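S.K.: predicted model follows, preceded by the sequence.
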Number of protein chains: 2
Amino acid sequence: MQVVLNYLKQNQARAVAELCELLRFPSVSAQPQHKPDLRACAQWLVKHCRQIGLEAKLCPTAGHPIVLAKTPRSKGQRRRPHYMVYGHYDVQPPEPLDLWHTPPFEPRIEGRSVYARGSTDNKGQFFAHLKAVEAYLQTGTPLPCDLTFVLEGEEEVGSKSLSHFLKTHRRELACDAVVISDTGMPGLKYPALTYALRGIIAFEITLHGPERDLHSGVFGGAVENPAMALARLLAGVRDDRGRITIPGFYDGVAPLSRFERAQAARYPLKEAQLKKLLGAPELFGERGFTATEQRSARPTFEINGLTSGYQGEGSKTIVPAWARAKITCRLVPDQSPEQVRRAVLAHLKKICPPTVRLEIEAGHGAEAYQVSPTGPLAQASLRALKKAFGAEPILMREGGSIPIVNQFKKILGADSLLLGLGLPDDNAHSPNEKFHLDCFAGGQRMSAYLWQELNPGLD
Amino acid sequence: MQVVLNYLKQNQARAVAELCELLRFPSVSAQPQHKPDLRACAQWLVKHCRQIGLEAKLCPTAGHPIVLAKTPRSKGQRRRPHYMVYGHYDVQPPEPLDLWHTPPFEPRIEGRSVYARGSTDNKGQFFAHLKAVEAYLQTGTPLPCDLTFVLEGEEEVGSKSLSHFLKTHRRELACDAVVISDTGMPGLKYPALTYALRGIIAFEITLHGPERDLHSGVFGGAVENPAMALARLLAGVRDDRGRITIPGFYDGVAPLSRFERAQAARYPLKEAQLKKLLGAPELFGERGFTATEQRSARPTFEINGLTSGYQGEGSKTIVPAWARAKITCRLVPDQSPEQVRRAVLAHLKKICPPTVRLEIEAGHGAEAYQVSPTGPLAQASLRALKKAFGAEPILMREGGSIPIVNQFKKILGADSLLLGLGLPDDNAHSPNEKFHLDCFAGGQRMSAYLWQELNPGLD
């Protein structure tokens, strides 16, 4: 094991340089013009996997390609434990560009962090696992298990092709667990295993009023303003206490146990620090829950974007023809995405006035996820985390959604180990996204330890 | 009088030909490359005014020149009534050009209309007044008053030079009323005097929440969503009955008299036609008022634009850092723009939650305008309209704002008579702008009658 750790230490500078190469690809899956960049990024990964000793190939999909890479299998051997490492090489759109201190696809090292879109979400995180397996392969250290890397290019747009891929590669991908580093840890001294994730539903609503923008002087007052109708519609889903007022919205929500609330209370980021971190005038959330609980264990109704009428400089005196809101709801165990979607849309239809026409575009959806924090997989993970980071790990829920975790469970029957390496101030999905190089190095060690801890008898 | 009317009738074909000459100038004030065309157009007007017997000159300004033309004054005579006729020879940009059936600056007669940019707004309308005065001057018919024409070249870009011109020519332009044909009439059988215009205040509000866009999974639920806060803020200014709930908003609003409501009821565009014209699912406005009243005689709170978060394709799971609304309120007599602005902003500040920071950017403002619909000026106008068009004229309010009317009142102390000759389907500001030749001829007769009706004792 020491030879693996030494290798990682000695090759840290090169690992960072390689990560920067990977971060240069503007692999923005939501923007069609970047399709060639996603392909180029995937090709780079295949080549890199081969260089470090993996058997790798590009698997075309209906969308962006999937990179499949395996440790070399010993022929004829009895079945060995098999783990899948999942990651995604696509990234969020970098906009608004003017808020970036340096261009999002020109990685910059400042202090102990690398700044670039995709650095923490998710290129830096899955790359740590590649570096760990490289250390085994390049030092000739025997791995106690088989590993398969699945790196997709559509995570930020709903992993549309992954499900088909998993189904058609079901036998090849059958495994004892999926290891995913695509979540967070509360701090460098708080390595963490995430045992629950929120689910999500996404949709877009557009209210159509007059068939064209109207002169607000000539017609204003005698016709509904769709932007006002939208404001009233959206205002009608939440009360002053932060509770969503949509009938049926909280149906099925599993109550938080005393154990879980105690775990949440261990989370080191307290209200005052959170407020400072976010730079918000005041925190706000559902009454009766701590901020940690609100953002990880309670469902939400979130407006992600608003568009209507004139947005340029100065004023334009119009009644806009339409107004639009992009919305996502975060879900918790055991809400059903379809049931929540039905409840939300039924409510919006019900409160939508007849003065506008409501158009709904449904987006992706995913169930929340939860695994037992006391099983052998979790215990092995906690040991690996402790050794890698030299600190007592914590058990936490995360508020984000990783829909594919549900697919791994459904299609492959495998639980997922969420060993996140992102820090709370990493600006995932925001301008100036970064990844801490100590998380990168610690993640590599954690990955190296993990294969041993998962297979203690096989060391 | 008959000799004047005969002259107009006999010279109609030539008048149309001259109007077409005027329409050939691409006098687009917003486009710098047309500066010479504006000058050439103004020079043509000066020459034409002199030809028909007026004393005319070109007055340079910081922008495009103003044409000043007067009927010859009799020396030594006692002070006679003096009226100013205002018009503008600049036009809106013709773009998008591909939607024009024939080129915008090559006038085309089809049926009883002349098609060209500027035909109804405003060249055709003020030219009718020039033709009327020509008839007096060329037939030797004595005018019962002095007339001064002020034809500016910057109306479509905010009349920037006019205020200075009025101030520096205050004595010369002192008059009993300003006559303006730059509005509309509902139909050929509905000649109209517009006796009121709405005022306006413009502003922009921005709600700032977290200092950057946040991952809605990681932080959503524990922090205010500024787009939701904006929706709730905006929803808090109007009730279900279309009434603005801002305390003090309706302060000073002059109640509609029974006479005014009767006049509004005569307006021929009824709810069903309006709904069809606008293509709205249903009409909506303040309960207790007709659509005509709502859009001309009642104040409004209108959202002109909304901006927040992600507006591109697909979804982006963020809590946006900020949300913005562009807003204009239309005002009616006797609201004070400054008082309404104070009331609106005080209310928004009051209902803004502490979870966001409210930023306000103030825009322009203008008072509403009204002349007595029963005073002698209005009565004379109505008689002239009736004689000219052979139909009972209607008294109407318009919902838009014409800022120069307030300048005439403030700087010259003069009321304005808005005797619009444009039809609702004239496409002012749109492709295929036209002007009806019956409106042109009727406008000439109306102008000829008007000077008599304004000065009955002096006939």
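M.R.: Structure's in. What do you need? What you are looking at is a predicted structure, and each value in this text was computed from that prediction instead of being measured.
S.K.: all contacts plus neighbour counts: C-alpha atoms, from now on.
M.R.: Will do.
S.K.: could you dump stretch A:285-303 to CSV, C-alpha only?
M.R.: Presented in CSV, the C-alpha positions along stretch A:285-303 are these (Å, rounded to 0.1, in the frame of the first residue of the first chain):
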residue,chain,number,x,y,z
GLY,A,285,-36.3,28.5,5.1
GLU,A,286,-39.1,26.3,6.3
ARG,A,287,-39.9,27.1,9.9
GLY,A,288,-39.1,24.3,12.4
PHE,A,289,-36.0,22.9,10.7
THR,A,290,-32.3,23.8,11.0
ALA,A,291,-30.6,25.2,7.9
THR,A,292,-28.7,21.9,7.5
GLU,A,293,-32.0,20.0,7.5
GLN,A,294,-33.7,22.6,5.2
ARG,A,295,-31.1,22.2,2.6
SER,A,296,-30.7,18.4,2.7
ALA,A,297,-33.7,16.7,4.2
ARG,A,298,-36.7,19.0,3.2
PRO,A,299,-38.3,19.4,-0.3
THR,A,300,-38.2,22.8,-2.0
PHE,A,301,-39.9,24.8,-4.8
GLU,A,302,-37.2,26.8,-6.5
ILE,A,303,-37.3,29.3,-9.4
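S.K.: close to chain B, is that stretch?
M.R.: Yes: counting by C-alpha under 8 Å from any C-alpha of the partner chain, contacts between stretch A:285-303 and chain B involve A:285-286, A:291-292, A:294-296, A:298-300, A:302-303.
S.K.: could you list the domains of chain A?
M.R.: The record's domain parsing of chain A by automatic domain parsing lists A:2-197+A:369-458, A:199-253+A:299-366.
S.K.: mind checking which of the residues of stretch A:285-303 next to chain B land in helices?
M.R.: Among those, the members falling in helices are A:291-292, A:294 (criterion: DSSP state H).
S.K.: ranges for the helices of the stretch 101-250 of chain A?
M.R.: A:124-139, A:162-168, A:170-173, A:226-235 (DSSP state H, counting those that start in this stretch).
S.K.: which positions in the stretch 351-459 of chain A make contact with chain B?
M.R.: Counting by C-alpha under 8 Å from any C-alpha, the residues of the stretch 351-459 of chain A lying close to chain B are A:354-357, A:363, A:398-401, A:427-431.
S.K.: name the member of those residues with the most neighbours.
M.R.: Neighbour count (other C-alpha atoms under 10 Å in any protein chain shown) singles out residue A:399 as the most crowded of these, with 32 neighbours.
S.K.: contacts only, for the spatially closest residue to it that is not a sequence neighbour.
M.R.: Using C-alpha to C-alpha, 6 or more residues apart in numbering or on different chains and skipping residues adjacent in sequence, the residue nearest residue A:399 is residue A:296, 3.7 Å away. For residue A:296, the contacting residues are A:197-198, A:397-400, B:217-218, taking C-alpha atoms under 8 Å, 6 or more residues apart in numbering or on different chains as the criterion.
S.K.: how does it look with 7 Å?
M.R.: Taking C-alpha atoms under 7 Å, 6 or more residues apart in numbering or on different chains as the criterion, residue A:296 is in contact with A:198, A:397-399.
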